[in-house]
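>>> can you look at this prediction? I've put the sequence above it.
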Amino acid sequence: METSIIPSRTIFHNTSSNEIVDFDFKVDSDIDFKALCYFVATGFFLGDTTQFKKIKALLPASTIDLENGKIKKQESRWKWHYTPQDISLKEAVEQFRHLFDKITKDQIQERKVIVPLSGGLDSRTQAAVLGKYDNVISYCYQFEDGINENQYGEAIAKVQQFEHHSFIIPRSYLWGVIDELADLNRCLSDFTHPRPMAIKEKLGEMGDLFFLGHWGDVLFDDMRVDENLSETEQVNFLYKKLIKKGGVDLAEELWKTWGLEGKFVDCFKAELTDKLAEIKIDNLNAKIRAFKSLYWAPRWTSTNLCVWQDVGQVELPYYHDEMCKFICTLPEKYLAGRQIQIEYLKQVAPDLAKIPWQSYHPKNLYNYESYYSLSNFPLRAMNNLKRTVNHKFLKKRPITLRNWEIQFQGHENDVQLRKHIFDNKAFEELVPREIAERIYKNFIEGDSVWFSHPLSMLLTLSVFANKRSY
């Protein structure tokens with residue numbers, strides 16, 4: 001059997017029996033505390049690790065030899081590289097157009113397609129390629145009390161004449177679905193990011209196939225890394241990209257609590273050094289993209305695909321093996337700044353290109369470069385002033401911008417948080433109560449942004465400990 005270059009599902013195997021297995025919270029295996037510390041710091045499990053020492057994930061782009069259900073050998077079948085073609089931007093866009101059309105046709109066939117739309121570029125390119133198909137339903141969602149993100153999806157759907165549905169992700173939805181979500185994502189990711197969980201059943205009623213645009217923003221952009229960095233500087237750059245606010249502080253506390261040897265940061269950077277060294281690419285932007293596609297995509301992004309996979313089939317054009325191979329042949333100068341996707345949209349769907357780009361609102365793909373110009377400064381200043389006045393002087397509820405705000409803030413959320421973190425004996429055996437109390441107190445009374453990730457990790461570990469103790 002073979003695994004994809006970017007797998008959309010994680011396949012697990014037991015290193016003791018050499019068998020492919022279903023993930024089991026109660027598996028007879030010791031907990032991998034080092035892997036948990038890396039997880040706490042970054043939000044995903046690194047490499048083939050899981051919460052258990054004996055349970056590992058099959059690696060991407062691998063060939064696995066099986067005999068009587070047991071793994072005889074697992075080896076790499078393809079490696080990321082950087083072999084740029086000597087082509088123009090126009091030629092690169094035309095090659096992308098041809099490949100994107102082909103992949104889309106192969107993936108959707110004659111099925112009823114469901115496509116999520118947002119204010120970014122990845123779903124917009126999908127809307128463009130789907131314009132020639134009839135059997136398409138689109139949807140979008142935004143937070144309760146959040147910014148009007150639905151306006152972008154609605155505008156795109158109107159241009160393409162898709163049947164469209166807009167949703168509001170309500171506050172406190174998490175607590176009614178957290179056990180189900182834990183069974184789906186196996187606590188290999190936190191619970192604050194998979195927002196579609198709030199509308200999962202409604203999505204399942206729409207059609208046959210979810211056509212998702214994940215990872216396009218990584219493949220078709222540069223990594224903003226200086227090509228002249230030393231090896232040590234490369235590791236430090238990657239380290240800063242991977243760790244979450246407050247994650248290292250909690251990881252270091254748990255590292256000491258669990259009696260692991262050495263220092264967390266030193267061991268984690270050594271791990272990154274080894275993994276970077278295995279990627280034989282000289283161009284640093286291409287190298288960092290390869291690292292993220294090898295480790296971040298399959299162990300974080302793919303983990304949360306479980307929500308869609310539970311109610312329908314999922315296809316991802318940017319995950320396709322041929323798309324990954326294509327990226328390795330594109331000059332970095334054309335990937336920088338999303339140029340290929342922007343030019344593609346201008347060519348095949350100019351009306352979509354005229355819709356504001358959320359990151360540069362109200363600018364679109366034709367004039368977004370003027371967003372930071374002096375002429376646009378008054379508009380940006382006015383928007384900032386309006387938010388300040390609404391919050392500080394008119395005492396309006398701040399606009400919800402981040403996932404954790406609808407799940408952790410407010411009385412109802414606080415009651416549920418305290419229940420999960422402080423009323424769980426299995427969790428207290430895993431994480432000392434004083435650590436949980438400190439993180440919670442700092443989130444409530446101090447810097448909630450900084451402590452939102454550690455709090456989310458504590459919640460994830462709490463649910464994991466509870467599932468394991470059932």
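Ah, there it is.
>>> contacts, neighbours, all on C-alpha from now
Fine.
>>> and after the helix or strand bottoming out on mean pLDDT in the chain, which helix or strand comes next?
Within the chain, no helix or strand scores below helix 377-388, which has a mean of 64 by mean pLDDT, DSSP states H and E. Per DSSP states H and E, the first helix or strand lying C-terminal to helix 377-388 is helix 403-408.
>>> do me a favour and average the pLDDT over that next one.
Averaged across helix 403-408, the pLDDT comes to 94.
>>> equivalent analysis for stretch 53-69, please.
95.
>>> do the same with stretch 93-113
Model confidence over stretch 93-113, given as mean pLDDT, is 96.
>>> show me what counts as buried in it.
Buried residues in stretch 93-113, defined by neighbour count with 16 or more other CA atoms under 10 Å: Val93, Glu94, Phe96, Arg97, Leu99, Phe100, Ile103, Thr104, Gln107, Ile108, Lys112, Val113.
>>> now swap in stretch 400-414 and tell me
The neighbour-count check on stretch 400-414 (16+ other CA under 10 Å) flags Thr400, Asn403, Trp404, Glu405, Ile406, Gln407, Phe408, Gln409, Asn413, Asp414 as buried.
>>> how about the strands in the stretch 51-200 of the chain?
All strands of the stretch 51-200 of the chain, identified by DSSP state E, counting those that start in this stretch, fall at 55-57, 62-67, 70-76, 113-116, 136-143, 163-169.
>>> strands paired with the first one, and their directions?
For strand 55-57, sheet partners with direction are given as strand 12-14 (antiparallel), following DSSP bridges.
>>> just for the stretch 151-300 of the chain, where's the confidence low?
Within the stretch 151-300 of the chain, no stretch has pLDDT under 70.
>>> residue contacts, Arg124?
For Arg124, the contacting residues are Leu117, Ser118, Ile156, Leu345, Leu352, by CA atoms under 8 Å, 6 or more residues apart in numbering.
>>> which of these sits closest to Arg9?
Within these, the smallest distance to Arg9 is 22.6 Å, found for Leu117 (CA to CA).
>>> give me the distance between the nearest residue to the closest one once chain neighbours are set aside and Tyr139.
Closest residue to Leu117 apart from its sequence neighbours, by CA to CA, 6 or more residues apart in numbering: Gly153 at 4.7 Å. Distance, Gly153 to Tyr139, by CA to CA, to the nearest Å: 7 Å.
>>> re earlier: nearest to Ala426, out of the strands of the stretch 51-200 of the chain?
Closest approach to Ala426 among the strands of the stretch 51-200 of the chain (CA to CA): strand 55-57, 20.8 Å.
>>> helix or strand: which one has Glu343?
Short version, using DSSP H and E: Glu343 is in helix 339-348.
>>> quick one: distance of that helix to the chain centre.
24 Å (CA atoms, centre = their mean, to the nearest Å).
>>> counting by contacts, list what it packs against.
helix 89-108, helix 122-129, helix 350-353 (3 or more CA pairs under 8 Å, 6 or more residues apart in numbering; DSSP states H and E).
>>> could you redo the last one with a cut-off of 10 Å?
Judged by 3 or more CA pairs under 10 Å, 6 or more residues apart in numbering; DSSP states H and E, helix 339-348 is in contact with helix 89-108, helix 122-129, helix 332-335, helix 350-353.
>>> contact partners for the closest residue to His165 other than its chain neighbours?
Distance criterion CA to CA, 6+ apart; nearest residue to His165, sequence neighbours excluded, is Tyr139 at 4.6 Å. By CA atoms under 10 Å, 6 or more residues apart in numbering, the contact set of Tyr139 is 114-118, 150, 153-154, 157, 162-167, 203, 206.
>>> having no further points to raise, I will conclude here.
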